[in-house]
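Colleague: sequence and computational prediction follow.
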Amino acid sequence: MAALGTARCLFRSYSRVKNVQKSKQVLVRCSVRTLCSDTQDNALSDNAKPQITDPAVQDILTRITGLDLQKVFRPMKQELKPPSYKLMTDEQLEQATELAREQAKKLLKMPPILPERKPINDVLSEDKILDGMDTAKYVFTDITYNIPHRERFIVVREPSGTLRKATWEERDRLVQTYFPKEGRKLVAPLIFKEENLKMVFSQDRHEDVLDLCLVQFEPDSSEYFRVHAATYEDLDKHNKYELLRSTRHFGGMAWYLLNARRVDGLILDMLKKELFQDAVSLVSLFNMVHPNSESAQEAAREQATGTNLLKIYAQKESQRSGYIELALQAYEQMAANSSAAIPLR
Amino acid sequence: MVHLSSLLLKNYHGGYVVIRLALAGHKQANRPFYRIVAAYNKRARDGKYLEQLGTYDPLPNIYNEKLVSFNLDRIKYWIGCGAHPTKPVAKLLGLAGFFPLHPMTITEAERKRAQTVLTETRTEDLEEVQKEAEV
């Protein structure tokens, strides 16, 4: 009995220590954040559920994004310059392609995915004596140069006299006023309204919308999530995965669908395009992210790889299992034909 | 020839540094905009200053906000060097919470409340008189 009691005490204190350590980690991370916040490489490794920042997850997502050089470096709206022609040997051409690959990898770096930010409701002081001092609010911003935008002091003094911290929307607006970022507008462009989004999706311009969204909104704002969710839903409904295939948004889309457990469309698309390895890695990622699902447990029991993984997933989890099995059979036939064709020579 | 005027004006006799509001954009009529500035006391209000420490826009914007910005790091430096803030700057800093509240802010708020109460009672009296007149 005493041993049980001590074990319980130990467990509770251990969980408290673990929480303290986690909150300390969070604090340390917040204070080290820099001004240009487009990458975040944190190791949140003491959670049981794999996060998007895990190297294994990132690896799989980059692999399934694909690397189509023609699409990454397709002509984009830039300044008009006459093209430059160079005479190269084959070796130089290979080196140039290698350089292009490196550049493409940099361009395909995935934008950070953070949990949604909680609204700020902090009141610093209530001064009833100042009630009715003015008809307008006073917004005070600290414009010291060397502090990250997340830690800036932005406070609002209401006409009723309360001194409160500014909300996230006010913060974004004021930081943009005093430290303008290129491409960001003070008022969100009208393209992000529901009706306009629908029109843009009908024109197949999901990628442009996502790029604009990345520039305009912070990665953990509710607007960002809303726009991304709408885009991914639309893509899923119409099976237009090809639009995002070799862009930096593919990983984000795959992660969203994984968390919503609706990867069937994506797997079917991959099998149709005969990207077999990608389909296998996607299913293994699914098993990693949802270790309590039936397909994950079955796979762990049988130590399945390759086609078997896909078969298990098709049987246990997917709604469109018929399609997946058909596609698998077709692929196996093709593989058998090609392996049978070789000795015929 | 070395220009002696700037050398002469550098050290004022008994001059000191103040943190005050300087009007900016004086070419536009009826649109004030102030810079919060550390300058020598004897300089012109809009003349040469030592450093700009922030801005103040007295006209409210579409969200009904009056935007004020402070470079708190540098303000702390200048106050450490012995600069005196003027009354409006002290009021603004008090409203921001950086300084304690200025007594004149409180007095003005009380006066405004008294004024609104007075106008309300006057309008009520007027309405009563009108109703009696109709009757």
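Modeller: Nice, I can see it.
Colleague: and the stretch 151-300 of chain A, which of its residues are near chain B?
Modeller: Contact residues, the stretch 151-300 of chain A versus chain B (CB under 8 Å from any CB of the partner chain): A:153, A:155-157, A:161, A:163, A:174, A:177-178. All C-beta atoms are positioned from the backbone trio N, CA, C, and that covers glycine.
Colleague: could you redo the last one with a cut-off of 6 Å?
Modeller: Within the stretch 151-300 of chain A, the positions adjacent to chain B are A:157, A:163, A:178 by CB under 6 Å from any CB of the partner chain.
Colleague: in strands, which of those appear?
Modeller: Among those, DSSP state E puts A:157, A:163 in strands.
Colleague: and the residues of the stretch 151-300 of chain A next to chain B, which are buried?
Modeller: A:157, A:163, A:178 (16 or more other CB atoms under 10 Å in any protein chain shown).
Colleague: list the contacts of the residue sitting nearest the centre point of chain B.
Modeller: Centroid check for chain B by CA atoms, centre = their mean gives B:Pro88 as the closest residue, at 3.5 Å. Applying CB atoms under 6 Å, 6 or more residues apart in numbering or on different chains to B:Pro88 gives the contacts B:Leu21.
Colleague: repeat that for 10 Å
Modeller: B:20-21, B:34, B:36, B:56, B:58, B:102, B:104 (CB atoms under 10 Å, 6 or more residues apart in numbering or on different chains).
Colleague: what do you get for A:Thr167?
Modeller: Listed by CB under 10 Å, 6+ apart, the contact set of A:Thr167 reads A:119-121, A:154, A:156, A:173.
Colleague: are any of those buried, and which?
Modeller: Buried among those (16+ other CB under 10 Å): A:154, A:156, A:173.
Colleague: tell me, how many neighbours does the residue lying closest to the first one once chain neighbours are set aside end up with?
Modeller: Distances taken as CB to CB, 6 or more residues apart in numbering or on different chains place A:Ala166 nearest to A:Ile154, at 4.1 Å, with adjacent residues excluded. A:Ala166: 23 surrounding residues under other CB atoms under 10 Å in any protein chain shown.
Colleague: now swap in B:Asn64 and tell me
Modeller: 10.
Colleague: I figured it was touching A:Glu170, is that so?
Modeller: No - contact criterion CB atoms under 10 Å: B:Asn64 and A:Glu170 do not qualify, at 12.0 Å.
Colleague: what's the top helix by length along chain B packed up against?
Modeller: As assigned by DSSP state H, the longest helix anywhere in chain B is helix B:103-134. Counting contacts by 3 or more CB pairs under 10 Å, 6 or more residues apart in numbering or on different chains; DSSP states H and E, helix B:103-134 packs against helix B:87-96.
Colleague: now the helix it packs on: buried residues?
Modeller: B:88-96.
Colleague: equivalent analysis for stretch A:214-234, please.
Modeller: Applying 16+ other CB under 10 Å to stretch A:214-234 flags A:214, A:216-221, A:223-225, A:227-228, A:230-232, A:234 as buried.
Colleague: nearest to B:Gln28 among these?
Modeller: A:Gln216 (30.9 Å; CB to CB).
Colleague: any idea how far chain B is from the residue nearest the centre of chain A?
Modeller: For chain A, the residue nearest the mean C-alpha position is A:Gly252 (3.4 Å; CA atoms, centre = their mean). Using CB to the nearest CB, to the nearest Å, A:Gly252 is found at 32 Å from chain B.
Colleague: helices or strands up against the one helix or strand that residue maps to?
Modeller: If you go by DSSP states H and E, A:Gly252 is part of helix A:250-260. Applying 3+ CB pairs under 10 Å, 6+ apart, one finds that helix A:250-260 makes contact with helix A:55-65, helix A:206-216, helix A:222-238, helix A:264-272, helix A:276-289.
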